[in-house]
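[1] here's a sequence, model it:
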Amino acid sequence: MSETRRKLTTIFSADVQDYTRLMGADEEGTLAMLKRYRDAMSRLIALHGGRVINTWGDGLIADFPSVVEAVRAAVDVQNELAGMNATRPADGRMLFRIGINLGDVIVEGDDLYGDGVNIAARLQASAAAGGIVISNTVYDQVRNKVAVGFDFLGPLVVKNVTEPVPSYAVRIGEDIKSAPQPEAATNRPKAPAVTNWSLGAKARKMFGLLALLSALLVVVNLLSWRGVFWAAWPLLAFAVLTAMIWVRNQNRIDRGIAALGVAGLGMVAINLLSWHGIFWAIWPVLGLAAAAGVRWVMRN
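    Take a look at the predicted model:
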């Protein structure tokens with residue numbers, strides 16, 4: 001008999017919108033598509049430190065030790081699945097709804113039970129097709145740490161849970177904003193939003209520190225001037241680091257491709273700063289461009 005215990009965890013619940021209609025139109029094709037999409041979802045969940053607990057029908061349950069990584073995984077899932085859907089006709093797209101909740105659950109073997117799981121499932125059911133809805137316990141942990149916007153949907157009534165659960169829709173792009181909104185969103189006041197290009201508090205502090213160090217290096221270089229602007233090298237390193245932090249904190253474009261682009265620009269800058277009449281950076285830049293192209297093709 002499996003040991004029963006409790007733990008605090010982040011529950012990720014997902015299912016397919018209009019799954020019955022898709023099965024009725026093309027049963028074998030829908031099953032094959034569901035496998036591909038769920039494989040992509042499982043890969044991204046594992047990449048963010050999560051664990052798939054169960055799959056049944058068109059649904060999936062996972063848990064994460066980190067609330068922030070759970071939301072980042074959900075955003076990456078919806079972005080990747082949107083790319084996979086882009087080439088399909090509108091009535092043949094497989095759109096997942098995702099709900100995320102942070103709560104205390106009962107653990108028995110590899111399964112989770114309790115209100116924490118039920119709330120995640122209810123949040124998922126209230127999400128728009130291709131959207132994400134989170135509970136207030138999740139929102140409190142991620143609102144300044146994930147580069148997405150949030151729309152307050154109001155209290156959500158959950159069966160067998162005494163108090164309604166305040167919920168938020170995660171705004172991850174124009175497609176999500178233009179998607180049909182859940183009924184609970186009608187005439188609800190909106191919470192202050194964090195834009196898709198916004199940065200977390202830690203990133204802003206790091207940017208401020210790098211800017212201060214850059215200014216200090218320039219001042220030291222000028223005060224000890226000997227005809228050489230040696231501060232250009234640490235400034236270049238700071239610029240690359242700043243760009244990488246920005247890439248890590250945004251979701252509008254593929255972070256891997258953006259990081260390769262930053263590395264390529266860094267190579268070109270090094271070549272120009274150490275110019276001896278040869279543009280050698282073209283070769284590493286060509287390699288980085290090829291890697292970015294492969295990544296783009298594999299995503300789409």
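[2] next structured bit after the lowest-mean-pLDDT helix or strand in the chain?
    Here the helix or strand of the chain ranked lowest by mean pLDDT, DSSP states H and E is helix 174-178, holding a mean of 43. Sequence-wise, the next helix or strand downstream of helix 174-178 (DSSP states H and E) is helix 201-223.
[3] buried residues in that next one?
    A203, M206, F207, L210, S214, L217, N221 (16 or more other Cβ atoms under 10 Å). Quick note: C-beta positions are derived from backbone N, CA and C, even for glycine.
[4] how much space between P234 and S214?
    To S214, P234 is 8 Å away according to Cβ to Cβ, to the nearest Å.
[5] nope, V170 is what I was after
    Relative to S214, and taking Cβ to Cβ, V170 is found at 34 Å.
[6] rewinding a little: would you mind putting the buried residues of helix 201-223 into TSV with pLDDT alongside?
    Listed next are the buried residues of helix 201-223 as TSV, based on pLDDT from 0 to 100:
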residue	pLDDT
A203	69
M206	81
F207	82
L210	87
S214	91
L217	92
N221	94
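[7] send the alpha carbons of stretch 65-75 over as PDB?
    Provided in PDB are the C-alpha atoms of stretch 65-75 (Å, rounded to 0.1, in the frame of the first residue of the first chain):
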ATOM      1  CA  PRO A  65       8.400  22.600  -7.300                       C
ATOM      2  CA  SER A  66       8.600  26.200  -8.600                       C
ATOM      3  CA  VAL A  67       5.600  28.400  -9.300                       C
ATOM      4  CA  VAL A  68       7.500  30.700 -11.600                       C
ATOM      5  CA  GLU A  69       8.700  27.800 -13.700                       C
ATOM      6  CA  ALA A  70       5.200  26.400 -13.900                       C
ATOM      7  CA  VAL A  71       3.900  29.600 -15.400                       C
ATOM      8  CA  ARG A  72       6.900  29.900 -17.700                       C
ATOM      9  CA  ALA A  73       6.300  26.300 -18.900                       C
ATOM     10  CA  ALA A  74       2.600  27.100 -19.600                       C
ATOM     11  CA  VAL A  75       3.600  30.200 -21.600                       C
END
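[8] what residues of that stretch count as buried?
    S66, V67, V68, E69, A70, V71, R72, A73, A74, V75.
[9] what do you get for stretch 284-298?
    Here stretch 284-298 shows P284, V285, L288, A292 as buried, counting by 16+ other Cβ under 10 Å.
[10] what does that stretch rub up against?
    D254, G256, I257, L260, G261, A263, G264, M267, V268 (Cβ atoms under 8 Å, 6 or more residues apart in numbering).
[11] quick one: buried ones out of the residues you listed?
    Those of the contacts of stretch 284-298 that meet the buried threshold are D254, I257, L260, G261, A263, G264, M267, by 16+ other Cβ under 10 Å.
[12] just those: which are in helices?
    Of the buried ones among the contacts of stretch 284-298, the ones assigned to helices by DSSP state H are I257, L260, G261, A263, G264, M267.
[13] ok, of the residues you listed, which one's closest to T137?
    Closest to T137 out of those is I257 (33.5 Å), distances taken as Cβ to Cβ.
[14] check contacts around the closest one.
    By Cβ under 8 Å, 6+ apart, I257 lies in contact with A292, R295, W296.
[15] could you export those as TSV, including pLDDT, secondary structure and distance to T9?
    As requested, these are arranged in TSV below (pLDDT from 0 to 100; DSSP: H, G, I helix; E, B strand; the rest coil; distance: Cβ to Cβ, whole Å):
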residue	pLDDT	secondary structure	distance to T9
A292	85	helix	36
R295	79	helix	31
W296	77	helix	34
